[in-house]
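Asker: I would like the atomic coordinates for the input below:
(2 chains)
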Number of protein chains: 2
Amino acid sequence: MTKHSLPLSRVYGLLEPGPVVLLTTAAKGRANVMTLSWHTMMEFEPPLVGCVISDRNHSFGVLKATKECVINIPTAELAAQVVGCGNTSGRKLDKFRRFGLTAVAASLVQAPLIDECYAALECRLADARLVAKYCFFILEVRQAWIDRSRKDPRTLHHRGKGAFMVAGRTIKLPSKMK
Amino acid sequence: MTKHSLPLSRVYGLLEPGPVVLLTTAAKGRANVMTLSWHTMMEFEPPLVGCVISDRNHSFGVLKATKECVINIPTAELAAQVVGCGNTSGRKLDKFRRFGLTAVAASLVQAPLIDECYAALECRLADARLVAKYCFFILEVRQAWIDRSRKDPRTLHHRGKGAFMVAGRTIKLPSKMK
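Answerer: Predicted structure coming up:
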């Protein structure tokens, strides 16, 4: 694996721009992956991430039971896999095999990292209070990984119905904002 | 105003890609605006949006009291205003005047639309359950507006400390995803 540990204080910079992510879970030695765009940072450090996972998804029950997952961040080269994972269910299908994704052992959780993604966040469930009403999980990032050789990751940003904006150029303005 | 009504079923396509937004509030005839990146869709229709507004912000108290706001979506031309609104407090400053933003009356809420933004979502507070612990407001979008002449809006996506990714090209893949 080419990923290095990223300080938890820098996690927000990965998720604030709103990339589509691949969320992995695992139960009974069987891993699954789903595509997800409905997430937001909720706290800088320790980093809290809120995300909506529909109860129609196989991952919903696994995350609720195991209280662990990994948020993997793909780039544009993985667009076909992102859509493939979003259009299939892990109930019967091994999506890693089907879409040629490589599962790598995480350090703290059972769910695997996806080797092809440039960053990965190992998460534990922090608050399930809004799961019943909104399918909204609040996760705490416990360990973050990044491939530092990827200087300008072209993340994908879903606009709906298979249309994705691909991350463009970066501009920098003087700012006091974190 | 050059904005037209947008069906509520299409709101998710505006917020899923994670653009930085300008959130307006108003109380006692005085409007304010803040910059915000921590938001997520939570339901398609009626559209629910969750967002974190720190209790250090002037807007926190106004939104809590009035239960209304507008989420305005700016494009790259407004980068200086976005950073300006993020680095100042509405407690004493009239940010509309300071940053040359035009307030336009909304249809359902007291908070104004920002004329320079290409889209605007009039919201009412739907659930304040997580406000005390996480400053997390769940908003329902009641009326959506879009400037249809803007075919390819270059939204801004905050990477931290004044660095923004500018929306790049759009790719389209066959998908069953909404």
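
Asker: In chain A, which residue sits nearest chain B?
Answerer: Residue nearest to chain B within chain A: residue A:18 (1.1 Å; Cβ to the nearest Cβ). C-beta coordinates here come from the backbone N, C-alpha and C atoms, glycine included.

Asker: where do the helices sit along chain A?
Answerer: For chain A, the helices defined by DSSP state H cover A:12-15, A:58-66, A:79-86, A:95-99, A:131-134.

Asker: before we move on, back to that, contact partners for the residue of chain A closest to chain B?
Answerer: Shown in contact with residue A:18 (Cβ atoms under 8 Å, 6 or more residues apart in numbering or on different chains): A:37, A:157, B:16, B:17, B:18, B:19, B:157.

Asker: which residue is nearest the centroid of chain A?
Answerer: For chain A, the residue nearest the mean C-alpha position is residue A:71 (2.4 Å; Cα atoms, centre = their mean).

Asker: how far away is that residue from residue B:158?
Answerer: Per Cβ to Cβ, to the nearest Å, residue A:71 is found 18 Å from residue B:158.

Asker: Same question for residue A:50.
Answerer: Applying Cβ to Cβ to residue A:50 and residue B:158 gives a distance of 17 Å.

Asker: can you check residue A:56 too?
Answerer: Distance from residue A:56 to residue B:158, counting by Cβ to Cβ: 31 Å.

Asker: Likewise for residue A:92?
Answerer: In terms of Cβ to Cβ, residue A:92 sits 39 Å off from residue B:158.

Asker: quick one, which of these two is more surrounded?
Answerer: Set residue A:92 next to residue B:158 and count neighbours by other Cβ atoms under 10 Å in any protein chain shown: residue B:158 wins out with 27 against 7.

Asker: What about residue A:127, how many residues nearby?
Answerer: For residue A:127, the neighbour count with other Cβ under 10 Å is 17.

Asker: partner residues bridging it?
Answerer: Legend: beta-bridge partners of residue A:127 under DSSP bridges are residue A:138.

Asker: and if you look at residue A:71?
Answerer: For residue A:71, the beta-bridge partners are residue A:23, residue A:121 (DSSP bridges).

Asker: what sits against it?
Answerer: Contacts for residue A:71 were tallied using Cβ under 8 Å, 6+ apart; they are A:15, A:21-23, A:36, A:39, A:49, A:51, A:120-121, A:123, A:139, A:141.

Asker: got it, and residue A:169?
Answerer: By Cβ under 8 Å, 6+ apart, residue A:169 lies in contact with B:165, B:166, B:168.

Asker: just to revisit the earlier point, dump the contacts of residue A:71 to JSON lines, plus pLDDT, distance to residue A:131 and neighbour count.
Answerer: As requested, those are arranged in JSON lines below (pLDDT from 0 to 100; distance: Cβ to Cβ, whole Å; neighbours: other Cβ atoms under 10 Å in any protein chain shown):
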{"residue": "A:15", "pLDDT": "98", "distance to residue A:131": "20", "neighbour count": "23"}
{"residue": "A:21", "pLDDT": "98", "distance to residue A:131": "18", "neighbour count": "28"}
{"residue": "A:22", "pLDDT": "98", "distance to residue A:131": "21", "neighbour count": "25"}
{"residue": "A:23", "pLDDT": "98", "distance to residue A:131": "15", "neighbour count": "26"}
{"residue": "A:36", "pLDDT": "97", "distance to residue A:131": "15", "neighbour count": "23"}
{"residue": "A:39", "pLDDT": "98", "distance to residue A:131": "15", "neighbour count": "24"}
{"residue": "A:49", "pLDDT": "98", "distance to residue A:131": "14", "neighbour count": "25"}
{"residue": "A:51", "pLDDT": "98", "distance to residue A:131": "11", "neighbour count": "25"}
{"residue": "A:120", "pLDDT": "98", "distance to residue A:131": "23", "neighbour count": "29"}
{"residue": "A:121", "pLDDT": "98", "distance to residue A:131": "19", "neighbour count": "28"}
{"residue": "A:123", "pLDDT": "98", "distance to residue A:131": "14", "neighbour count": "29"}
{"residue": "A:139", "pLDDT": "98", "distance to residue A:131": "11", "neighbour count": "26"}
{"residue": "A:141", "pLDDT": "98", "distance to residue A:131": "18", "neighbour count": "25"}
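
Asker: Serialize these to TSV and add fields for distance to residue B:129.
Answerer: Formatted as TSV, those follow (distance: Cβ to Cβ, whole Å):
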residue	distance to residue B:129
A:15	23
A:21	25
A:22	29
A:23	24
A:36	23
A:39	19
A:49	18
A:51	17
A:120	31
A:121	25
A:123	22
A:139	18
A:141	23
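
Asker: which one of those residues sits closest to residue B:5?
Answerer: Nearest to residue B:5 among the contacts of residue A:71: residue A:39, at 28.3 Å, using Cβ to Cβ.

Asker: partner residues bridging the closest residue to that closest one other than its chain neighbours?
Answerer: Nearest residue to residue A:39 in three dimensions, chain neighbours excluded: residue A:51, at 3.9 Å (Cβ to Cβ, 6 or more residues apart in numbering or on different chains). Beta bridges link residue A:51 to residue A:39, residue A:137, judged by DSSP bridges.

Asker: No further queries at this time; thank you.
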